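> How does the following fold in three dimensions:
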Amino acid sequence: MIAVLLMTSAITSCKYELSPLKAQQEITLLEKSSATQSDYQAEKQNDIEQLKLQNKQLQQRQRFTTGGVAMVLGIIAMLVFLTTSNRWRHTLEVKNRQLERERNVVVAQNKQLSIERDRAEAASKAKTAFLQSMTHEIRTPLNAISGFTQVLTMPGIKLPKAEMQDYSNRIQENTRLLTTILDDLLLISNMEGSKQQLPAEECLPQAIISTAAETVASQVKDGVSLNMHCNMPAEETIMSHPRQIGIILTKLLENAAKFTTEGTICLTLTQEDGELHFSVADTGPGIPADKHEFVFERFAKIDSFTQGAGLGLSIARMVAEQLQGTLSIDPAYNKGTKLDLIIPFNPQA
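Prediction:
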């Protein structure tokens, strides 16, 4: 429309004179031009709309593509993060396990060091107790032996026969005590130095208890009877360790003889299910219930003024364990002290 007006103005200003036919043609051309212009404008508008639609679609596609790319990048980033996180977590778990193992090793080493320290302290205490006990226990019989020997050999002194016999008996008794202490120390040393079990040998069970009773008979005080009971035939033989069993029974009987001043000491042997059951029961003062395990420790003495090194019951249990047996105090016995010894044996001799 603007173009038509411009053309009309131009024609008027130039003062052209057109014929009617020519004017009609011009009008027709102008109408066609106007129609063409309108079609052009419409097409242009249509093109603009299509361009806008295409632009909108491109924008949508761009947004979709951008969103997809962002989503893919986000997924990739998440996968990378998860992979890295899992890798670090695995690394941390490995480090934690290593630290835990190292900590366990350190804890075990600390425990072992604590055990070794306790052992060293116990060994130091045992050494001190040993020196103190041995100094006293060895000096006492030596002083007695030396003193009574000097009296008996002193010139110019005549002693009654009974008194001389008493001094002689005291010298013999203290000599026996000194010998027992030295034998116990040698026995402990040999047992700790060698853990090898001696082979079993043929023996008579009744002969074992008879020998032990005869060994201790001289130590039993006047007014105390020493009895034996055995439910096995005298001629029955077994395969066992008579020497070690004899050591145990001798220690148990010596302990009973030391503390029993009246009543009886009874040594009993029974056979049950392939085991020898020995028991030594006395009518002495007994052992308190809270000391039933204490008395089996080395140098353990309920009464520190009692003569002896406190090794008898400790040695007896050591030998019993070496024979795969047990030695314990019967808590139900209330007439004194009763010790039970159980030793396995082979009946085929």
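> Show me the strands in the chain, by range?
According to DSSP state E, the chain carries its strands in the segments 201-203, 224-230, 238-240, 263-272, 275-282, 326-329, 337-344.
> who wins for proximity to Glu163 among those?
Nearest to Glu163 among the strands of the chain is strand 224-230 (24.9 Å), distances taken as C-beta to C-beta. For the C-beta atoms, the positions are set from N, CA and C on the backbone; glycine is no exception.
> At which residues are the helices of the stretch 151-300 of the chain located?
For the stretch 151-300 of the chain, the helices defined by DSSP state H, counting those that start in this stretch cover 161-193, 205-216, 242-259.
> Quick one: low-confidence residue ranges for the stretch 51-200 of the chain.
Across the stretch 51-200 of the chain, the ranges flagged by pLDDT under 70 are 126-127, 129-134, 136-137, 191-197.
> Can you check the pLDDT for Ala3?
Note for Ala3: predicted pLDDT of 43.
> just Lys338 next, same as before
Reported pLDDT for Lys338: 91.
> And Ser304, by the same measure?
pLDDT, Ser304: 63.
> now do Thr264
91.
> partners of it in the sheet?
Ser225 (DSSP bridges).
> Tell me who's in contact with it.
With contact set as C-beta atoms under 8 Å, 6 or more residues apart in numbering, Thr264 has these partners: 224-227, 282-283.
> of those, closest to Leu252?
For the contacts of Thr264, the closest approach to Leu252 (C-beta to C-beta) belongs to Asp282, at 9.4 Å.
> That closest one touches Gly263, doesn't it?
Yes - taking C-beta atoms under 8 Å as the definition, Asp282 is a contact partner of Gly263 at 7.1 Å.
> ok, those two, which is more surrounded?
Asp282 (27 against 15; other C-beta atoms under 10 Å).
> Please tell me how far stretch 287-298 is from the chain's geometric centre.
Relative to its parent chain, stretch 287-298 has a centroid offset of 26 Å by C-alpha atoms, centre = their mean, to the nearest Å.
> Let the chain start at 4 from now.
Sounds good: first residue 4 from here, last item stretch 290-301.
> Now that stretch: buried residues?
290, 298-299, 301 (16 or more other C-beta atoms under 10 Å).
> same thing with stretch 74-89?
Result for stretch 74-89 [16+ other C-beta under 10 Å]: no buried residues.
> now swap in stretch 144-153 and tell me
144, 147-148, 151.
> Need these in JSON lines (columns: distance to Phe262).
Listed next are the buried residues of stretch 144-153 as JSON lines, based on distance: C-beta to C-beta, whole Å:
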{"residue": "Pro144", "distance to Phe262": "19"}
{"residue": "Ala147", "distance to Phe262": "20"}
{"residue": "Ile148", "distance to Phe262": "24"}
{"residue": "Phe151", "distance to Phe262": "25"}
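> for the residues you listed, which one is nearest Leu342?
Looking across the buried residues of stretch 144-153 and measuring by C-beta to C-beta, the closest to Leu342 is Pro144, at 25.7 Å.
> For Ser41, which of the helices of the stretch 154-303 of the chain is the nearest?
Of all the helices of the stretch 154-303 of the chain, helix 164-196 sits nearest to Ser41, with 127.8 Å by C-beta to C-beta.
> could you check the angle helix 245-262 makes with that closest one?
130 degrees (axes from the mean of the first three to the mean of the last three C-alpha atoms, to 10 degrees).
> And helix 164-196, what's buried?
For helix 164-196, the neighbour count (16+ other C-beta under 10 Å) marks 170, 174, 176-177, 180-181, 183-184, 187-188, 190 as buried.
> where's Ser117 relative to Thr273, distance?
Ser117 sits 45 Å away from Thr273, going by C-beta to C-beta, to the nearest Å.
> out of those two, which sits in the busier spot?
The neighbour comparison of Ser117 against Thr273 (other C-beta under 10 Å) goes to Thr273, with 14 against 10.
> mind checking how far the nearest residue to that one once chain neighbours are set aside is from Arg301?
For Thr273, the nearest residue in space outside its immediate sequence neighbours is His280; the separation is 4.6 Å by C-beta to C-beta, 6 or more residues apart in numbering. His280 sits 26 Å away from Arg301, going by C-beta to C-beta.
> Likewise for Ala123?
16 Å.
> Equivalent analysis for Gln60, please.
Counting by C-beta to C-beta - Gln60 and Arg301 are separated by 102 Å.
> and if you look at Gly277?
Taking C-beta to C-beta, one finds Gly277 at 31 Å from Arg301.
> Tell me which residues of stretch 228-236 come out buried.
Applying 16+ other C-beta under 10 Å to stretch 228-236 flags 229, 233, 235 as buried.
> from those, which single one is nearest Ile78?
Met235 (89.9 Å).
> wait, isn't the closest one in contact with Thr271?
No - look at Met235 against Thr271 with C-beta under 8 Å: they stay out of range, at 11.2 Å.
> Check the gap between Ala123 and Gln112 for me.
In terms of C-beta to C-beta, Ala123 sits 16 Å off from Gln112.
> One more: Ile141?
Distance from Ile141 to Gln112, by C-beta to C-beta: 41 Å.
> Between the two, tell me which one has more neighbours.
Each of Ile141 and Gln112 has its neighbours counted (other C-beta under 10 Å); Ile141 has more, 16 against 10.
> Do I have it right that the more buried one meets Leu180?
No - look at Ile141 against Leu180 with C-beta under 8 Å: they stay out of range, at 9.3 Å.
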